[in-house]
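Engineer: curious how this folds, go ahead:
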Amino acid sequence: MPEVPQFVFLTCQHGAEAALKREVARRFPHWRVAFGRPGLVTFKLSSDQAQRLWHQPEELALARCWGFSLGVFQADEPRSFLPAVREAIEQFGCSGLHVWSRDEQPPGQFDYEPGVTAEDIRTAELLREQLAPRKLRTWVLPGTVVLDLMRVDADRWLLGVHRATVCPTTRWPGGFSRVRLPEEAVSRAFLKMEEALRWSGFPLGRGQVAAELGAAPGGASQALLRRGVKVLGIDPAQIHPRVLEHPRFVHIRRRARAVPRRIYRGVHWLTADMNVTPNYTLDVVEEIVTRPDVNILGVLLTLKLTNWELADHIPEYEQRVRRWGFPLVRVRQLHHHRRELCLLGAVAPAEQLTARLRLRRRGPSRPRRRKRPAASQRDFSAGEESLG
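Structural biologist: Numbers count the residues shown, from 1 in each chain. As a prediction, the model looks like this:
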């Protein structure tokens with residue numbers, strides 16, 4: 001194993017730098033801030049801290065991606081520092097290559113959307129040509145060592161390296177997802193939900209039911225429907241006709257707190273994206289998931305940050321969701337978010353959720369030697385179809 005660099009870079013949404021520094025200070029008080037730009041913060045670690053981070057990568061809620069910095073280069077194009085690139089590849093055994101640009105401005109400002117640009121793709125192709133016949137993949141598997149190249153400014157580049165983990169954002173260039181908005185999508189909420197589902201790893205599929213709080217106009221519901229689930233869209237506002245016409249969509253035109261709690265019996269997944277404060281969202285969801293007759297396997301909640309200081313309360317939000325009976329809790333600001341967070345809560349890891357879904361599909365447990373009557377299967381299906 002080569003010596004791990006002592007400088008770490010973290011990228012984030014333009015405007016989230018101060019909140020990210022506070023998150024790092026809570027989690028890693030011994031890290032020292034080095035330098036930063038909008039959307040980019042670097043820290044200096046001790047040798048021991050760097051080694052631990054390499055072997056046990058951490059996930060920070062506000063960090064879109066992270067890696068070990070190998071230096072910042074002044075150049076019009078990456079050809080100028082190809083020797084440093086080759087040296088890094090040999091030193092760390094890189095088999096992946098990620099090229100992206102620092103955020104130019106806050107998302108949504110003048111319709112700006114962060115993401116990998118056409119120029120980033122051309123730069124990656126140029127590097128691969130120069131480094132042939134070595135194969136450096138863009139989409140990598142967990143455990144892959146990735147060479148990072150980030151355009152900091154027009155003529156400044158940060159060279160780094162990181163090791164991909166099971167978290168999908170570590171396998172995407174710059175932490176930017178591969179989600180594209182389909183023509184039939186009725187809103188960009190599709191992007192947020194699709195990215196959240198990929199990040200979560202939740203095993204959504206046919207025969208399951210998802211309840212969505214704040215469903216209008218229906219973009220997020222489309223992402224859920226694509227996975228074959230039945231969706232209960234709860235929102236007093238109008239739903240786009242394209243979504244209303246879907247055979248597996250049911251519109252419950254009420255505010256979330258006005259919906260009878262019996263509606264949630266048989267629901268497997270709960271999502272929420274309401275234009276309210278984080279605590280209000282958590283209050284509403286708590287009233288639902290803590291009922292003894294409700295058995296939600298996982299929640300995906302969008303928490304709106306009216307100011308960045310609300311991000312300082314992430315540990316409190318996490319602890320509250322754990323008290324509901326969701327031991328697995330994660331929080332992340334996703335690529336397609338504006339000033340908001342995605343909070344995931346689950347009763348078990350994804351592979352165990354799959355097993356629980358099989359048990360719920362079979363209904364009440366019976367001795368294995370006895371075959372379940374067909375009528376029992378029909379009764380359970382009818383119970384689910386009666387929701388909404």
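Engineer: and residue 223, what is it in contact with?
Structural biologist: 190, 193, 194, 197 (Cβ atoms under 8 Å, 6 or more residues apart in numbering). The way it works is simple: take the backbone N, C-alpha and C, and place the C-beta from them, glycine included.
Engineer: show me where the stretch 51-200 of the chain has its strands.
Structural biologist: 65-74, 96-101, 145-153, 156-163 (DSSP state E, counting those that start in this stretch).
Engineer: where does this protein dip in pLDDT?
Structural biologist: Per-residue confidence for the chain (pLDDT under 70) gives these ranges: 1, 360-388.
Engineer: domain boundaries for it, per the record?
Structural biologist: With automatic domain parsing as the criterion, the domains of the chain are listed as 7-175, 189-362.
Engineer: can you tell me the helix or strand for residue 359?
Structural biologist: Remark: residue 359 resides in helix 350-362, with elements defined by DSSP states H and E.
Engineer: how far away is residue 283 from residue 340?
Structural biologist: 17 Å (Cβ to Cβ, to the nearest Å).
Engineer: who's more crowded, these two?
Structural biologist: Neighbours were counted for residue 283 and for residue 340 using other Cβ atoms under 10 Å; residue 340 has more, 20 against 14.
Engineer: dig out what the more buried one forms beta bridges with.
Structural biologist: residue 304 (DSSP bridges).
Engineer: enumerate the positions of stretch 242-254 that are buried.
Structural biologist: For stretch 242-254, a neighbour-count test (16 or more other Cβ atoms under 10 Å) marks 243, 246, 249, 250, 251, 252 as buried.
Engineer: farthest-apart pair in those, please.
Structural biologist: Taking Cβ to Cβ as the measure, the buried residues of stretch 242-254 span a maximum distance of 14.6 Å, between 246 and 252.
Engineer: that older thread, need the residues that contact the helix holding residue 359.
Structural biologist: For helix 350-362, the external contacting residues (Cβ under 8 Å, 6+ apart) are 200-203, 205, 207-208, 268, 295, 297-298, 346-348, 365, 372, 380.
Engineer: looking at the residues you listed, which are in strands?
Structural biologist: When the contacts of helix 350-362 are checked against strands (DSSP state E), the matches are 298, 346.
Engineer: only whichever of the contacts of helix 350-362 are buried, select them in ChimeraX.
Structural biologist: The ChimeraX command for the buried members of the contacts of helix 350-362 (criterion: 16+ other Cβ under 10 Å) is given here:
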select :200,201,202,203,208,268,295,297,298,346,347,380
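Engineer: still on that earlier bit, relative to residue 170, which of the contacts of residue 223 is nearest.
Structural biologist: Within the contacts of residue 223, proximity to residue 170 (Cβ to Cβ) peaks at residue 197, which comes in at 17.3 Å.
Engineer: need the contact list for that closest one.
Structural biologist: For residue 197, the contact set (Cβ under 8 Å, 6+ apart) comprises 204, 223, 224, 227, 300.
Engineer: would you double-check that the second one falls in a strand?
Structural biologist: Put plainly, it is residue 223. No. Assigned with DSSP: H, G, I helix; E, B strand; the rest coil, residue 223 falls outside any strand and is helix.
Engineer: distance of residue 178 relative to residue 59?
Structural biologist: Using Cβ to Cβ, one gets 19 Å for the distance from residue 178 to residue 59.
Engineer: neighbour count for the two, which is higher?
Structural biologist: Each of residue 178 and residue 59 has its neighbours counted (other Cβ under 10 Å); residue 178 has more, 16 against 13.
Engineer: look up the closest residue to that one, ignoring the ones flanking it.
Structural biologist: Once flanking residues are discounted, residue 178 sits nearest to residue 172: 6.6 Å by Cβ to Cβ, 6 or more residues apart in numbering.
Engineer: could you count how many residues lie near the one you found?
Structural biologist: Tallying neighbours of residue 172 according to other Cβ under 10 Å, which is how burial is gauged here, yields 25.
Engineer: list the helices and strands the helix or strand that contains residue 10 packs on?
Structural biologist: According to DSSP H and E, residue 10 maps onto strand 7-11. Strand 7-11 sits against strand 40-44, strand 65-74, with contacts defined as 3 or more Cβ pairs under 8 Å, 6 or more residues apart in numbering; DSSP states H and E.
Engineer: again, 10 Å this time
Structural biologist: The contact analysis (3 or more Cβ pairs under 10 Å, 6 or more residues apart in numbering; DSSP states H and E) places strand 7-11 against helix 17-27, strand 32-37, strand 40-44, helix 47-55, strand 65-74, strand 145-153, strand 156-163.
Engineer: now distance to residue 157 too, for the contacts of residue 223, in a markdown table please.
Structural biologist: Output for these, formatted as a markdown table (distance: Cβ to Cβ, whole Å):
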| residue | distance to residue 157 |
| --- | --- |
| 190 | 33 |
| 193 | 34 |
| 194 | 31 |
| 197 | 33 |
